[in-house]
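Enquirer: Sequence and computational prediction follow.
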Amino acid sequence: MKIDRRSFLSLGVGAGAGIALSPLPWKLTDDSSIWTQMWPWTPVPRDGAVNYVNTASTICSGGCGLSVRKIDDRAVKVEGLKGYPGSNGNACIHCMAGIQMLYSPNAVKSPMKRTGKRGEGKWQPISWDEAISETAKKLGELRESGKASTLACILNSDYGTIPALFKQFLNAFGSPNFMRTPSYQDAYEMTLALMHQTDSMAVFDAENADFVLSFGSGIIDGWGSSVRMFKANSSWKEKNVKLVQIEPRLSNTAAKSDQWLPVNPGTELILALGIAHVIITESLYNKDFVEKYAEGFEDWTDNEGNKQKGFKNFVLEGYSPSYAARVTGIEANTIVKLAKDFAGASAPLALCGRGQGTTPGSIHEFMAVHALNALVGNINKKGGIWAMPKPDYIKWEQAKLDDTAREGLKVPRADGAGTEKFPHAKYLLTRLPEVINSAKESPIQALFVSGANPAYTLPDTKAVAKAFASIPFIVSFTSHMDETAEMADIILPNHGHFERYEDIPAPPGYNKPVVGLARPVISPQHNTRHVGDTLIAIAGKLGGTIAESFPWKSYEECLEKTMGENWTSIQESGVITNPDYEAPGWDTAFETSSKKFAFIPGNHNPGNNSLQIPVIEGNDNYRLTLIPYDSMRLAAGPVGNTPFVTKTVSEKVLKGNDICIEINPKTAEKYGLKQGQYAILTTPKGKAKVKTELSPGIMPDIIAMPRGLGHTGIDEYLAGKGININELIGPVEDPASGLDAAWGIKADLVKA
């Protein structure tokens, strides 16, 4: 029988259809799988007793509740823990793949001492006694030379017993330089301090909102407690709650929203004030709240007899919808309708903090968005934003101070937080590299880093590397060789994520008090030590009042005594929470002198900043704007992707080892670029070779690059893939707060 090309193709199509419809191939695949498992050389995990251990996650920032399936002392599967606050039976992708991190061959297996130049990767394993003795010796020399204030600690959180131990150590040592990695929580906490006069956390009754106005918050891209926000978004769909997403790029959140409003980067503040203009002009604001429980709305006369402009006239005189339209790129009639829809809802909620919220942003943008919630009277109300007290269960005696410590604590913080220039700031870590690099001698002579990876996560990595090179002594407490550990002098490895106890309080944005318990799922796999035990040991080696400030023999004893009568219950249930918590009413919610909400606290008008402050400018050669974007499939914080998760990253994001940038087809045509073409992306901070991904879902003249790639450390499966966008962008200091307000940088793009 002669088979020509057409007959062959027809046969191929028919065979393909038959294969697709027939169950035979799938049965053969199943049989093959069973057959290969019978090969004698196929490794078979040993069998054993099956049990489950419940724990809270230390992998993700959302604090997922987890149930880990074990066979004997081997963890084999991670599942969501039913009933855990926020996540309730679900877990994020990074927690689900956490076992791969646990058994990673690239874990730091013992204390290490650097033997070559920083970054060369030359290390010598040393004993714990030697590591602690050398660390204590270096710190002792600092105190003896009168430089106690030059010790700094960088952590990823300031809640819980681990941050509290580092703060205790710094106080007893004589340094004010505890620092937390930056996030949107910095700006929200400052907003509440200014407008409420409270030391509170911003939390959100998201599940009960009936209109959500998001100024770039990645609701389903990892913002806040990621699993909880996923579930909230699903409930909005079921209840026909409208979600409006405001950002220059069609993110996953924007694609799933009811309305996407592409806005010129850096103009979100103007849009918020334009919305406020309509609400005020149309008298759509909550008059009961504004007139009885707020101040600064109308003009007033201060104590010195000077007339001050109130929020109302400040907005009406400068931020009309037509003006906001010219600046933001959103039509005036759209702004008017948006304002009316927002104010007309029963429980409207306005959010901000771009992407996953790792950049604080402009304080005046946060204040303007918070003012929208105030105008509609949805502060501390059902479906609104709540100001919730910070966790206060740690009731230790204050650190004991000797004369050296007292003198050291008088020295201003190295990052400028809490100074006369930035009195409301608590941590300004992004300012630290510039402070160090501009000084004749680094104001930081020793640095502890735990649970953070600032060498990777801070913007302008070249400046960060230069600053760290000026610090004579760096100690990392990581369990994996990340970028910061590569620059360290000594590594004192912490137990892995499923190998240790730790309290996990306050999942970001969750509106109920929660303290979760991470507990050991398996025995430590290597010669590691709990970071709390290590810190207690260093304090003991230093002796004196520093040792006296740590009265516990171990971290577990410290944790048990801290939890007190709750220790037994948290051991049994894995969490302590108050599901019945409700935010205080308006009559007791504010601690200003008038006990009212302050639309304009002091002279902080929410609009004084330059309109374009969040975008770093360049010279005339930079005609495009590069912005970062976040994805749930790319961990951009201190914990990098596992190989399993990296395999889920789309080829539109990472093609082989090449990073892809999103660019509008019209912009690509203007620059002579086609789909999948290599190009050279240049900014004032650096340059990189990239591949183009044409997308109509990004505004013209904007380029978007994913965060979470470009590692040099972690492991061989992640290192060398893509570019770290922090090599190409830098911080922009918000003059009103000192926080980093940048969410982009001017750029240029040419064919490679």
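Expert: Okay, I see it.

Enquirer: mean confidence for stretch 703-714?
Expert: Per-region confidence: stretch 703-714 scores 93 on mean pLDDT.

Enquirer: just stretch 389-396 next, same as before
Expert: The pLDDT scores in stretch 389-396 average 96.

Enquirer: which residues sit against it?
Expert: Residues outside stretch 389-396 that contact it (C-beta atoms under 8 Å, 6 or more residues apart in numbering): 159-161, 164, 168, 198-201, 505-506, 513, 515, 562-563, 566. The C-beta positions use only the backbone N, C-alpha and C, and glycine is treated the same way.

Enquirer: now do stretch 284-297
Expert: 278-279, 310-312, 339-340, 343-344, 374-379, 586-587, 590, 592, 594, 596-601.

Enquirer: and that stretch, which residues are buried?
Expert: 284-286, 289-290, 293-297 (16 or more other C-beta atoms under 10 Å).

Enquirer: Quick check: end-to-end length of that stretch?
Expert: From its first residue to its last, stretch 284-297 covers 14 Å (C-alpha to C-alpha, to the nearest Å).

Enquirer: Let's verify residue 170: helix, strand, or coil?
Expert: helix (DSSP: H, G, I helix; E, B strand; the rest coil).

Enquirer: now it, nearest residue through space, not along the chain?
Expert: residue 178 (5.3 Å; C-beta to C-beta, 6 or more residues apart in numbering).

Enquirer: quick check, that neighbour in a strand?
Expert: Yes. Per three-state DSSP, residue 178 lies within a strand segment.

Enquirer: Correct me if wrong: it contacts residue 157.
Expert: No. Contact criterion C-beta atoms under 8 Å: residue 178 and residue 157 do not qualify, at 11.2 Å.

Enquirer: So for those two, which sits in the more crowded spot?
Expert: Remark: of residue 178 and residue 157, residue 178 carries more neighbours, 23 against 18, as counted by other C-beta atoms under 10 Å.

Enquirer: what's across from the more buried one in the sheet?
Expert: residue 153 (DSSP bridges).

Enquirer: which residues touch residue 232?
Expert: Counting by C-beta under 8 Å, 6+ apart, residue 232 has contacts 206-207, 219.

Enquirer: Quick check: PyMOL command selecting the buried ones in those residues.
Expert: Here is the PyMOL command that selects only those of these that count as buried (16+ other C-beta under 10 Å):
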select buried, resi 206+207+219
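
Enquirer: Format the contacts of residue 232 as JSON lines; extra columns: secondary structure and distance to residue 403.
Expert: Shown next, in JSON lines, are the contacts of residue 232 (DSSP: H, G, I helix; E, B strand; the rest coil; distance: C-beta to C-beta, whole Å):
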{"residue": "206", "secondary structure": "helix", "distance to residue 403": "50"}
{"residue": "207", "secondary structure": "helix", "distance to residue 403": "53"}
{"residue": "219", "secondary structure": "coil", "distance to residue 403": "52"}
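
Enquirer: Pop out the phi and psi values for the residue nearest the centre of the chain.
Expert: The C-alpha lying nearest the average C-alpha coordinate of the chain belongs to residue 358 (C-alpha atoms, centre = their mean; 3.9 Å). Dihedral pair for residue 358: phi -90, psi -10, per degrees, to the nearest 10.

Enquirer: so who does residue 77 touch?
Expert: Taking C-beta under 8 Å, 6+ apart, we find residue 77 in contact with 68-69, 99.

Enquirer: in the stretch 51-200 of the chain, which spans are helices?
Expert: Assigned by DSSP state H, counting those that start in this stretch, the stretch 51-200 of the chain shows helices spanning 93-96, 98-102, 128-144, 161-173, 184-195.

Enquirer: need those helices in TSV with distance to residue 742 and mean neighbour count, can you?
Expert: Converted to TSV, these look like this (distance: least, C-beta to C-beta, whole Å; neighbours: other C-beta atoms under 10 Å):
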stretch	distance to residue 742	mean neighbour count
helix 93-96	26	23
helix 98-102	30	23
helix 128-144	33	17
helix 161-173	26	23
helix 184-195	13	25
